[in-house]
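# sequence and predicted structure are below.
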Amino acid sequence: MLTSKGYSKASASILILLFVAGLLVGGLLIFFVTYQQVSKLNGQVSNLQSQVSDLRGFQNATTQNITILQNGTSLAEIYNNVRASVVLVQGTTSDGGVQGSGFVYNFADRTLVLTNYHVVQGTTSLSVTFSDGHGYSATVLGTDPYSDLAVVSVSSDAPASEFKPLTIVSSSMLGVGEPVIAIGNPYGLVGSLTTGVVSATGRTITEDTAGGYAIANIIQTSTPINPGNSGGPLLNAVGNVVGITTAIVSDSQGLGFAIPSDTILREVSALTTTGSYHGHSYLGVTGTDMSYSLAKETGASVTYGWQIASVTRGGPSDGKLNVGDIIIAMNQHTIKNNDDLASYLEENTLPGDNLVLTVIRGNSQIPVTVTLGTRPAPAA
């Protein structure tokens with residue numbers, strides 16, 4: 001029989017046991033709830049990882065489509081759209097025959113063929129053959145040796161259905177790295193397509209037909225260009241003309257040049273209506289690019305610019321520029337070399353303009369104003 005004292009001890013023990021049991025049960029419940037929450041969170045993380053992976057895969061696929069389709073237009077589609085607009089230009093000269101490329105263009109509701117001057121130079125007869133194999137006699141309407149451009153008219157025997165003009169767009173926004181396409185007739189292989197990128201802009205090249213003067217603001221491209229490509233279109237990624245392929249560097253790989261479309265657009269009116277273009281300004285000097293070694297050799301204070309080597313007597317710069325002067329700016333536009341100088345003159349000036357030159361003469365920097373002349377005709 002329990003006494004009141006014994007009963008109190010038993011009650012206390014039972015309460016302790018109940019408390020401990022409560023702790024154990026509570027702990028188990030908390031563990032179970034926590035475990036479920038952790039499991040649920042793990043499941044959500046796995047789902048998110050899967051979604052991210054799917055998104056990455058989708059983005060990669062999208063990038064590949066852009067690369068393959070060139071702004072949504074495939075190369076095959078561009079070729080099919082343009083091929084019939086590119087022609088074979090052939091001529092007879094005293095030395096035999098010449099051939100090159102050209103393309104159809106519509107100017108003032110008149111359908112013409114544009115090509116290089118050196119393709120038609122000295123020809124006594126000329127023909128244009130379209131992609132369907134039909135050929136027709138042609139006549140040179142206008143030429144510019146200084147830009148290596150020519151405009152050709154095809155005889156009236158050619159039906160209107162033969163002419164599929166291309167669109168010429170400004171080359172001013174063309175950037176290094178942009179994809180370009182050339183279509184022409186290299187080595188007589190009619191309708192050949194090659195691709196590459198713009199590898200530089202604002203270059204100058206010298207051709208025999210230009211009488212030793214630089215052809216300015218040239219597009220340099222990695223697009224393969226070969227004999228017979230001359231006069232064909234250089235196209236952007238959507239098939240519009242940004243230049244005319246014109247030259248290669250012999251023994252080079254992946255180095256070709258094209259006349260920019262801005263030059264074409266500037267000259268086509270005069271070439272078509274008057275047969276020539278007289279908008280090339282003339283400074284009347286020769287020179288050489290500055291460099292670190294030349295500056296050190298001559299004691300010059302600058303390592304960039306264009307140093308005057310000769311001044312044409314009676315020319316625009318006679319009495320204003322001296323041999324040894326270094327042109328470092330034109331109308332406050334920095335001139336680093338001959339590419340900069342020739343391109344600035346071609347794009348921004350006309351004969352009769354007053355040009356403010358910044359010149360290093362000895363130890364001084366001075367302004368010199370020259371009234372530009374008209375470039376004389378190249379020697380025959």
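Cool, the structure landed.

# any idea how many residues pack against V154?
Close neighbours of V154, defined as other Cβ atoms under 10 Å, add up to 23. Heads up, the C-betas are built off the backbone N, CA and C, glycines and all.

# need the contact list for it.
By Cβ atoms under 8 Å, 6 or more residues apart in numbering, V154 lies in contact with 111, 113, 128, 136-138, 162-163.

# bridging residues for it?
According to DSSP bridges, the partner residues bridging V154 are A138.

# hmm, E347 is touching N217, no?
Yes: E347 lies in contact with N217 (Cβ atoms under 8 Å); the separation is 6.0 Å.

# picking that back up, let's see the PyMOL selection covering just the buried ones among the contacts of V154.
Entered in PyMOL, the line below selects the buried ones among the contacts of V154, by 16 or more other Cβ atoms under 10 Å:
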select buried, resi 111+113+128+136+138+162+163
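
# between the contacts of V154, which sits nearest D353?
When those are compared for distance to D353 (Cβ to Cβ), V113 wins out at 32.5 Å.

# please verify my assumption that the closest one contacts G102.
Yes: contact criterion Cβ under 8 Å: V113 and G102 qualify, at 4.5 Å.

# which neighbours do these two have in common?
Listed as contacting both V113 and G102 by Cβ under 8 Å, 6+ apart are 87, 89, 128, 152.

# ok but the third one is inside a helix, no?
Right, V128. No: looking at V128 with DSSP: H, G, I helix; E, B strand; the rest coil, it is strand, so not inside a helix.

# residue contacts, it?
V128 touches 87-89, 102, 113, 135-136, 138, 152, 154, 158, counting by Cβ under 8 Å, 6+ apart.

# among those, which are in helices?
Residues of the contacts of V128 located in helices (DSSP state H): none.

# reduced to three states, what does I225 come out as?
Going by three-state DSSP: I225 is coil.

# how many neighbouring residues does the residue lying closest to it once chain neighbours are set aside have?
Nearest residue to I225 in three dimensions, chain neighbours excluded: G256, at 3.4 Å (Cβ to Cβ, 6 or more residues apart in numbering). Neighbourhood size, G256 [other Cβ under 10 Å]: 25.

# surely G256 meets I248?
Yes: counting by Cβ under 8 Å, G256 touches I248, with 5.2 Å between them.

# quick one: common contacting residues for these two?
Between them, G256 and I248 share these contacting residues under Cβ under 8 Å, 6+ apart: I225.

# now the residue nearest to L355 when sequence neighbours are not counted: which helix or strand?
With sequence-adjacent residues excluded and distances taken as Cβ to Cβ, 6+ apart, L355 is closest to V370, at 5.2 Å. Using DSSP states H and E, V370 sits in strand 364-371.

# name the helices or strands packed onto that strand?
strand 354-361 (3 or more Cβ pairs under 8 Å, 6 or more residues apart in numbering; DSSP states H and E).

# ranking helices and strands of the protein by mean pLDDT, which lands last?
Within the chain, no helix or strand scores below helix 4-69, which has a mean of 49 by mean pLDDT, DSSP states H and E.

# quick one: mean pLDDT over the following helix or strand past it.
Per DSSP H and E, the first helix or strand lying C-terminal to helix 4-69 is helix 75-82. The average pLDDT within helix 75-82 is 94.
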